[in-house]
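how would this look folded up:
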Amino acid sequence: MIVTDLVCQEIREHIASHRPERGGALYGPRHYPMVTHFEYDFDARTSAVSYVPSDRLIANVAVVEREAGLQFKGIVHSHPRGLVRPSAGDERTVLSFFAKNPHVAAMALPIVQSLPRSRAPEPAPDPEPGAAPSFLHWYRAERGSAAARPGDVRRDAVTIVEEPLHVLPILAHVERLLAGLARGGLALACNRKLQHLEIAGSQLVGLVCSGPAQREFMYFVGLGYPVVAPLVLYQHEGATRSLAIEWDGMADADASVERTAALLYAAMGGRDASGPAPRSEPPRAAPARPSHAT
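The predicted model follows:
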């Protein structure tokens, strides 16, 4: 499963940084193995050893799918430290969900370990961009399980499968871009509401950053990011343009982000702003317009 670092940050803030048995819903683009949105379940039924999703959260699934165009991906919740797998109670809850939603064959069921409480005021260091956080263990719950006879499937059971996790470092890289622009005197702010864009049948997600003098850029990435290059759009003279970049995500994505910051700085008129340019590469931009965003 692919999860944005924005979602990981929200899970850490609302679940991992608190006592166990807190949770929420996960959403993402339809038909893609990607989680892009998290909804915290603030009125769940919880105890020291159990979490049951609230009726409000369950009822809101249909609303989010209809109004936001997203797909429900699953439920994330926390366990006491040391219990990193879904429990028998979790399986019963999932089985009940499957019974009420016969069109759903599988759902994400990640388990969060509460971060240890420390007297030190400094927060724990964040993982490297793209690395899965240590507090998050990803599982998938599938409808049915193998029966006694080969080829048969029990419909009154749930199969729990551990699933590899890749974190999409979109926020980390956008913040690095913003830092590069700021060094040259271009101060922009990021809107953390994730945007969706479909181009030629490919689903992209992105962030929009804007600042004074109508300066704005959009940073969109796909499932293969950061190996696959991002799509960087920016506003220039009232038109939306696509930034031509040099990208080597296989060798050094961080260096590619720094080069992109220099190109974006020049393309957005940074050489007219106060302060030196962050790098000396000339701008290379080709006109392009995005398709529709959802």
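
need the contact list for the nearest residue to Leu231 once chain neighbours are set aside.
Among residues not flanking Leu231 along the chain, Phe220 sits closest, at 4.3 Å (Cβ to Cβ, 6 or more residues apart in numbering). Using the backbone N, CA and C atoms, a C-beta is placed for each residue, glycine as well. By Cβ atoms under 8 Å, 6 or more residues apart in numbering, the residues touching Phe220 are Gln195, Leu197, Leu204, Val205, Gly206, Pro230, Leu231, Val232, Leu233, Pro290.

for the stretch 1-150 of the chain, what spans make up the helices?
Applying DSSP state H, counting those that start in this stretch to the stretch 1-150 of the chain gives helices spanning 5-11, 55-68, 88-100.

redo those helices as CSV? Include distance to Ser242, mean pLDDT and mean neighbour count.
Formatted as CSV, the helices of the stretch 1-150 of the chain follow (distance: least, Cβ to Cβ, whole Å; pLDDT from 0 to 100; neighbours: other Cβ atoms under 10 Å):
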stretch, distance to Ser242, mean pLDDT, mean neighbour count
helix 5-11, 23, 97, 22
helix 55-68, 26, 92, 13
helix 88-100, 42, 89, 15
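
dump those helices to a markdown table, plus distance to His31.
Shown next, in a markdown table, are those (distance: least, Cβ to Cβ, whole Å):
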| stretch | distance to His31 |
| --- | --- |
| helix 5-11 | 18 |
| helix 55-68 | 13 |
| helix 88-100 | 20 |
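
just so I know, which of the ones you listed lies nearest Gly23?
Among the helices of the stretch 1-150 of the chain, the nearest to Gly23 by Cβ to Cβ is helix 55-68 (8.4 Å).

and the angle from the closest one to helix 88-100?
Helix 55-68 and helix 88-100 are oriented at 50 degrees to each other (axes from the mean of the first three to the mean of the last three Cα atoms, to 10 degrees).

show me where the stretch 151-294 of the chain has strands.
Here the stretch 151-294 of the chain has its strands, by DSSP state E, counting those that start in this stretch, at 153-162, 166-168, 189-199, 202-210, 216-221, 231-236, 239-243, 285-287.

go through those strands and pick out the most buried.
Across the strands of the stretch 151-294 of the chain, averaging neighbours per residue (mean count of other Cβ atoms under 10 Å) puts strand 216-221 on top, at a mean of 24.

centre of the chain to that strand, how far?
Chain-centre distance of strand 216-221: 15 Å, with Cα atoms, centre = their mean, to the nearest Å.

mind listing the strands it pairs with, and their directions?
Looking at strand 216-221 with DSSP bridges, its partner strands are strand 202-210 (antiparallel), strand 231-236 (antiparallel).

list the contacts of stretch 7-14.
22, 24, 26, 35-38, 40, 76, 112, 115, 133, 135-136, 167, 171.

same check on stretch 35-54?
1-4, 6-7, 10-11, 14-15, 19-29, 56-57, 60, 64, 68, 70, 73, 75-78, 80, 89, 93, 108, 194, 196, 205.

which parts of it are buried?
35-41, 44, 46, 50-54 (16 or more other Cβ atoms under 10 Å).

next, format those residues as a markdown table and append pLDDT and distance to Pro102.
Converted to a markdown table, the buried residues of stretch 35-54 look like this (pLDDT from 0 to 100; distance: Cβ to Cβ, whole Å):
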| residue | pLDDT | distance to Pro102 |
| --- | --- | --- |
| Val35 | 97 | 23 |
| Thr36 | 97 | 26 |
| His37 | 97 | 24 |
| Phe38 | 97 | 26 |
| Glu39 | 97 | 23 |
| Tyr40 | 97 | 27 |
| Asp41 | 96 | 23 |
| Ala44 | 89 | 24 |
| Thr46 | 84 | 28 |
| Ser50 | 86 | 26 |
| Tyr51 | 91 | 24 |
| Val52 | 88 | 21 |
| Pro53 | 90 | 18 |
| Ser54 | 92 | 22 |
